[in-house]
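*Asks:* dropping a prediction and its sequence here:
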Amino acid sequence: MIKTQYRELYCSSPRYWGGLASLAFIILVGLGAAFHMEHNGHFVTGMSNQIVWGLPHVFAIFLIVAASGALNVASIGSVFGGPMYKPLGRFSGLLAIGLLAGGLVVLLLDLGRPDRLIVAMTTYNFKSIFAWNIILYTGFFTIVGLYLWTMMDRKFEQYKRPVGFAAFFWRIALTTGTGSIFGFLVAREAYDAAIMAPMFIIMSFSYGLAFFIITLISAYWWAGRTIGDLRLAKLKNLLGVFVGAVLYFALVYHLTNLYVTQHHGVERFILLDGGVYTNMFWIGQVLIGGIIPLFLLYSPAFTTSRFAIMVASLLVLIGGFFQVYVIVIGGQAYPMNLFPGKEVLTSSFFDGVVASYTPTIAEALLGIAGIAVSMTLVAIGSRMLRVLPESLEDPADGECI
Amino acid sequence: MSCSNDQPDMNRREFLGKSVVAATAAVVAPGVMLTVANAASDEGASSAVRWGLLIDTNKCADGCSACVDACNKENGIDLMQRPTGQSDEMWNAQRPQWVRKVKLRDKQTGEISNLPMMCQHCEHPPCVDVCPTGASFKRADGIVMVDRHTCIGCRYCMMACPYKARSFIHQDVAEQLTGTPRGKGCVESCNLCAGRIDAGHSTTACQDACNKDGHQAILFGDLKNPDSAIAKALKAESSHQIRADLELNTGVRYTNI
Amino acid sequence: MSTVYALLFIVATLVLVIGLARKIVQYAKTPAPLKIATTPAPVTQAGVVMRMFREVVFFESLFKGTKWTWIFAWLFHMALFVVLLRHLRYFTDPVWLPIELIQPFGVYAGFAMLAGLAGLLVRRIFVDRVRYISAPSDYLWLLVLIFIGISGLMMKFVAHTDIVMVKQFFTGLMGFSIGTLPIDFPLVVHLTLVALLMILFPFSKLLHVPGIFFSPSRNQVDNPREKRHLAPWAKAMEE
Amino acid sequence: LLLSTGAISETAVTKGSKAAGLDACVAPTAVMRRDHMDYLKHDRDMTVRKGVRDTQYSLSECVECHAEKDDAGAYKPVNAEGQFCSSCHNYVAVSLSCFQCHRKTPESTAGSGTAMKQEGSFSTDSLGLLQ
Amino acid sequence: MAKANFDVPELKEYVDVPELVEGTMAHLSPFIAKPDHNIPLGFPGELVEDWHDKALEKLDDLRSRYRSLQVYLDACVKCGACTDKCHYYLSTKDPKNMPVGRQDLLRKVYRRYNTFAGKYFPWLVGAEDLTRETLDDWYSYYHQCSQCRRCSVFCPYGIDTAEISMAAREILDSVGYGQKYCNEIIAKVHEKGNNLGLPGPAILDTLEGLEEDVEEETGVVVKFPLDVKGADILLVTPSADFFAEPHVDGLIGYGKVFHEAGISWTLSTTASEAGNFGMFIGSYENMRKVAMRIRTAALELGVKRIVFGECGHAWRVAYAFLNTLAGPFDFLDPKYPVPQHICEFTYDLIQQGKLNFDKSANDDMTLTFHDSCNVARATRMGDKPGGQFDIPRAVIKAVCNNYVDMDHETIGEKTFCCGGGGGLLTDDLMEIRVKGALPRMTALQNAIKEEGVTHMAAICAICKSQFTKVLPYYGMDMDQIVSVHQLVSNAIILTGQNTDEDDADDESDGDE
Ligand code: HEM
Ligand code: HEM
Ligand code: SF4
Ligand code: SF4
Ligand code: SF4
Ligand code: SF4
Ligand code: SF4
Ligand code: SF4
């Protein structure tokens, strides 16, 4: 069998530096936005005491979820022994690290007191799932870092599988943890569901793979390398399965919620009369993020169209973004029912009314900067390290099924 | 939703905590209490007591907001300036409110009731459970508060609190009272007037205000001391915890909802 | 005691400055008769500046060479850089704004520096090839820096010293007046070792600092065909 | 030739403050200069977490004692340029974020703005006197 | 196959960094130069009495003349990045073959006599006296360095052990302790004009033979001119090209390319050697003297351009030093770089579409390319950094169908030396030559196994000679090494070439 040759990503300088420069610009703008938010206080955002987590959290959670999913390809390659995926393992590890870092940057900069990062890193309340998440995140960096190392350094090859397994379990734990951030919010009806954690896992698979496909194709286009159709077809089919699964989980989630009488209100809100959230659910999550990509991925008309795969992946991401938005913001917007059987006539604190939230540009810029941070890390990482195979031409013989 | 059954067990504690003595002393002799209160405060918060509030919604008057105003004053919340450029709507949504007035109508009977909502000082506070740094904490005497020296402003506690009892400080705070430091980027909520209580007072600011207006809707006291007014009152009539289904065993109880 | 330290630091500074200056002059004066840039090398002066920048800031060659060493070495040097910047607060009044802003990072950097040094020390002890090439001084340098770091962090976290006084002492010294230094054990250790470091700097492998800028294989433009490059002593041969 | 003794730091205590009239801080000066941050931190935790209010190193007391009054008798914030805390903190560039939350002047008993001295209302002054 | 009186390392899939074993190569040193090798070069005939002081004096002298030496002696931090980069260390485990170990042989003496710490605390900084043992160590280990500069790529300060080796060899020479092989050759060049000592008539004879061969093969008269005044191009090529396989096939290739380009060219008897062993012994004076022949020849023949044939260190001296040593070349045509590499020359013609190839002529081979260290790490081709990697590959790919690279860790700027450079290409050093080839052989073997490579092309006379010798030790065939221009020669279709040669031209498209 021909050995895979990994090579730093080289492409013509103006292209590379130009790309980096524009990413850097986006990041700079985002940092400016974050500074604006921190300097003035969060009153310059659309967030309030009702919607306490706004757009930055949507971005952050989206990226973090995608991060653990991005590792999927590596796991299939070295944990489950999918030879077709093996050469992609390194890049998948790098992307996972990049996405997580991007997400965390956003999360950090959205804190009320980011200057107290050291407090967050040194004082833990082990009862808090959030604290566990901090450990899970740092652990993720370490383990995926090690995993990358074992994949790249022949001397440590023998540890590849055990570390790969560890990374695999860690990342399942991480997504479960992220999902549980919501699962633990028993008070909020939208989140109080055991299915939240597995749903996050499957969401992570889908977004992570979509990110993977997009970055992979772009990287290869950037550097003028080739990817074989067969490989892409595999990735594409996998993506299709994940997208389907996400839809399925969403269905189960809402069905089980409908089963619990208490949750009828919030279900009605999301599915029927939640205004923007309902639209986002049906148009954003289901249509853009589910049905259209499925069509693009499975329709015979587009079997080998790379463009279709790119568009489908992009739509999966957009749909996923809406999905997280509906979960995070929609879940908060729906009022908590403190007084069953009563109707709130007046309250200065918006009891009983749907909270409104209009994100500001600053929040969006911060979130986008997070994505830019991820992409910058990936761009720099793949230039500095040998993560991308020289060529991803389909293997000549059908050895890789 | 009636929960007289899960009220704190008040019979086991027969003795009086030192601080209760001190508290009494403080009430008895406000002018000369300092050294005494000092001794009391030396001990800090004691687990021999559990502070709580009992709110009689029947007595809470429609249109009154004396408790809210008093709280704002007590804690220097009213010193906060509205940031320039902020709309009314956003100011309302973003300004801190440790206590709020809620007016309810029963969907069946149409009965109107009024009540103040503040942190319920849960015995099993979700806000404390979720706080990553342990900034949200419950003192030995049952008061739940935020240590704003370690709060990172993640707002997870706000997500977790079933009562929306907490506020995030969205802006710079130019002026504070010495007793209640507060500033941008942290989360805060009713602390049962901890500073006052530690200094030996036996009432909260909101209670004082309500009493002053003649409503007597708020009663502060030690839930664990069977002889305290609040314990007696709780025994006398059935009270409610809001969202009792969550089994948080709140320290703030309501009668007549 | 304060006087002893004052004198020590004056001497150390003189040795450091004069010693380094002499070395730099020596390097600058010694001709590089042939073009020996390690290729592929930049073909323009601007390219050389970029290359040097990458070497100095990112340790590019070391990165290519040995990733483990790179991680620790880079961590150590970057942290050292931040720590030194943070230290400027003892010597400038008023403290410059950027220096003020990095203050909080200086503390993390202190730990990072120790971590890097520890990694380097472990490698020096356990990798047989590196052990072979190490002389006692190679270990000593690492230990000196480690102890400087430990004593510094001790002052931060265990036994504080009076920083205001330290600053008054050093700013005073810069105006050639001798003040008093608080005599605290960690500070004494810290300052003694720092003085040692300064005195030995120009006589040791720490010459890699000026050296890297004068290394012909890195600082030359790759243009021998386009431009004739001739050392004075070689020119003399042509006559 | 170099043996001219540099000026030994004069005190940071400012003239118009209460401390100016006293001769010792809550601990010896040398100790305060080195360790006040640890004490403050320790006592902060005692106060906030344990409810112990009569700590030796209370920030409100620092302010009480060290804040300087201007000619008009109004207090100057202790973290203002040249005032007690800042005089050192600016000098050595140590951040003093405490006063983002903490009051920078003693609550003036006679003052108008912060009318706290009210019947029945707990006055923070009593806090200040607990020692 | 050659019989070795030493253990030939076994080829594994990878070359792992070995645990060090001291002294494994202490026994090996090259033959010592005799007075008649030394004296023409201006060195004492044999080891002088006061070698100790003379050596230190020379060290001082060199330090004051070479910034590289001075900085490199000071700057090393013993970081160890270079330790596992030398092919000689990897294959011999001898720590003195680690680049820094090699430098330290000189550095410890420098420290002892020239630095404060070394004078007063020698034990602290590892400083040592200059003793006869040290001198012998120098002789041994500085002649186990092929000056390939691989270590310099990875050193954070670019410390180039080759510079130190050169300095050490110059010191040794200055006390009369030179190496026979290099000094003998330099003497020959000074005397005859080439390394092999081929006299003019012998060269002429060879060239005529080549003309006949080519005509016989292609039916086209391709000239191989010698000492033709007024030719456009002076070709300077390693003397190995005049007789040895596979070098000579390369020379045929050059001739065909020049012929097709329609440019007049010539060789020169006095400059019948591209190599410049003066570099190996670090002697600026000797290097300059050798280089001056080329200038003189160019002036005498009145050429407009100078082109160098395939040789690694020759190209380094030509590319990087010629202008310095023998310049300025303002009498040549300024439109072309001085000097130009034959690959650059051919590449330009290919770019202009002036050459026609039948790529299938090389179909019996699957090729890979060995980046010669001096070309890779000390020179450039074309006008972009890295052209020295791209241009030869582009030429190869233009003339054959099957090309693959070896492991990327072993090519380009990180290429492994053939093991025979730097003046080690002598039988008395066969042990180090064979061992030193290990990393390259490993990569080649992997390429053979995994990618079906059959032949390796190179553009260096030393590499080609070395591989011819060494391949058999590793169970490969000596003719698996080929010249790049040999491939060009195979594939090029000369204008008017007879087409009935064989069946290969069926599909060749461009033989008008
Ligand atoms: C004359 C020169 C120096 C003086 C006066 C000095 C003084 C100090 C002082 C007073 C501290 C305590 C900081 C605190 O408590 O916040 C400190 C910390 C420290 N020093 Fe130095 N130092 C000097 C030079 C150096 C040098 C050259 C190094 C490194 C090689 C170094 C490394 C450190 C480190 C790592 C810390 C702990 C981290 C930190 O606080 O930044 N110091 N130094
Ligand atoms: C221009 C600034 C500098 C550059 C580019 C630089 C670069 C390097 C590099 C690349 C190494 C080799 C990697 C290693 O093994 O650590 C190194 C080692 C070292 N550097 Fe620096 N350095 C700089 C400044 C300094 C300074 C200011 C100091 C000391 C105060 C210093 C102390 C050291 C020491 C002690 C080592 C040896 C570490 C070991 O024993 O492994 N460097 N430096
Ligand atoms: S002061 Fe008393 S009556 Fe008035 S709103 Fe508050 S609780 Fe009700
Ligand atoms: S009411 Fe909310 S803030 Fe108060 S203790 Fe309970 S959960 Fe915490
Ligand atoms: S906002 Fe503060 S108190 Fe609330 S959870 Fe986060 S750190 Fe804890
Ligand atoms: S107890 Fe104190 S803090 Fe709480 S609401 Fe009443 S006045 Fe406000
Ligand atoms: S120049 Fe080449 S042979 Fe010499 S020490 Fe360096 S790597 Fe080894
Ligand atoms: S890489 Fe350079 S600095 Fe490091 S040990 Fe080798 S020669 Fe010395």
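*Replies:* Yep, it's here. Residues are numbered from 1 along each chain as shown, chains lettered A, B, ... in the order given. Ligands and ions are numbered 1, 2, ... in the order given.
*Asks:* which residues touch residue D:67?
*Replies:* Shown in contact with residue D:67 (Cβ atoms under 8 Å, 6 or more residues apart in numbering or on different chains): D:17-18, D:75-78, D:83-84, D:104-106. Quick note: C-beta positions are derived from backbone N, CA and C, even for glycine.
*Asks:* tell me how far the nearest residue to residue C:99 once chain neighbours are set aside lies from chain A.
*Replies:* Of all residues beyond its chain neighbours, the one nearest residue C:99 is residue C:88 (4.8 Å), with distances taken as Cβ to Cβ, 6 or more residues apart in numbering or on different chains. Per Cβ to the nearest Cβ, to the nearest Å, residue C:88 is found 21 Å from chain A.
*Asks:* state the three-state secondary structure for the one residue in the stretch 201-350 of chain A that gets nearest to ligand 4.
*Replies:* Closest contact between the stretch 201-350 of chain A and ligand 4, by Cβ to the nearest ligand atom, is at residue A:338 (10.7 Å). Using DSSP: H, G, I helix; E, B strand; the rest coil, the structure places residue A:338 in coil.
*Asks:* what kind of secondary structure is the residue lying closest to it once chain neighbours are set aside in?
*Replies:* If the residues on either side of it in the chain are set aside, residue A:338 comes closest to residue B:242, at 5.6 Å by Cβ to Cβ, 6+ apart. What three-state DSSP gives for residue B:242 is coil.
*Asks:* I figured residue B:242 was touching residue B:120, is that so?
*Replies:* Yes. Counting by Cβ atoms under 8 Å, residue B:120 is a contact partner of residue B:242 at 6.7 Å.
*Asks:* anything in contact with each of the two?
*Replies:* Taking Cβ under 8 Å, 6+ apart as the criterion, residue B:242 and residue B:120 both touch B:163, B:250.
*Asks:* which one's more surrounded, those two?
*Replies:* Ranked by neighbour count (other Cβ atoms under 10 Å in any protein chain shown), residue B:242 and residue B:120 place residue B:120 first, with 26 against 22.
*Asks:* so that one sits against residue B:254, correct?
*Replies:* No. The pair residue B:120 / residue B:254 is not scored as a contact, 9.6 Å apart, by Cβ under 8 Å.
*Asks:* what is in contact with those two at once?
*Replies:* By Cβ under 8 Å, 6+ apart, the residues touching both residue B:120 and residue B:254 are B:241-242.
*Asks:* what strand or helix carries residue B:73?
*Replies:* helix B:66-74 (DSSP states H and E).
*Asks:* ok, back up a step: can you pull the contacts of the residue nearest to residue A:338?
*Replies:* Residue B:242 makes contact with A:338-339, B:117, B:120, B:163, B:250, B:254, according to Cβ under 8 Å, 6+ apart.
*Asks:* can you do 7 Å?
*Replies:* Counting by Cβ atoms under 7 Å, 6 or more residues apart in numbering or on different chains, residue B:242 touches A:338, B:120, B:163, B:254.
*Asks:* all helices of the stretch 151-257 of chain B, in order?
*Replies:* All helices of the stretch 151-257 of chain B, identified by DSSP state H, counting those that start in this stretch, fall at B:156-160, B:194-198, B:205-212, B:229-236.
*Asks:* mind putting those helices in JSON lines, mean pLDDT, mean neighbour count and distance to ligand 8 included?
*Replies:* Shown next, in JSON lines, are the helices of the stretch 151-257 of chain B (pLDDT from 0 to 100; neighbours: other Cβ atoms under 10 Å in any protein chain shown; distance: least, Cβ to the nearest ligand atom, whole Å):
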{"stretch": "helix B:156-160", "mean pLDDT": "92", "mean neighbour count": "26", "distance to ligand 8": "49"}
{"stretch": "helix B:194-198", "mean pLDDT": "89", "mean neighbour count": "25", "distance to ligand 8": "61"}
{"stretch": "helix B:205-212", "mean pLDDT": "93", "mean neighbour count": "23", "distance to ligand 8": "70"}
{"stretch": "helix B:229-236", "mean pLDDT": "90", "mean neighbour count": "16", "distance to ligand 8": "76"}
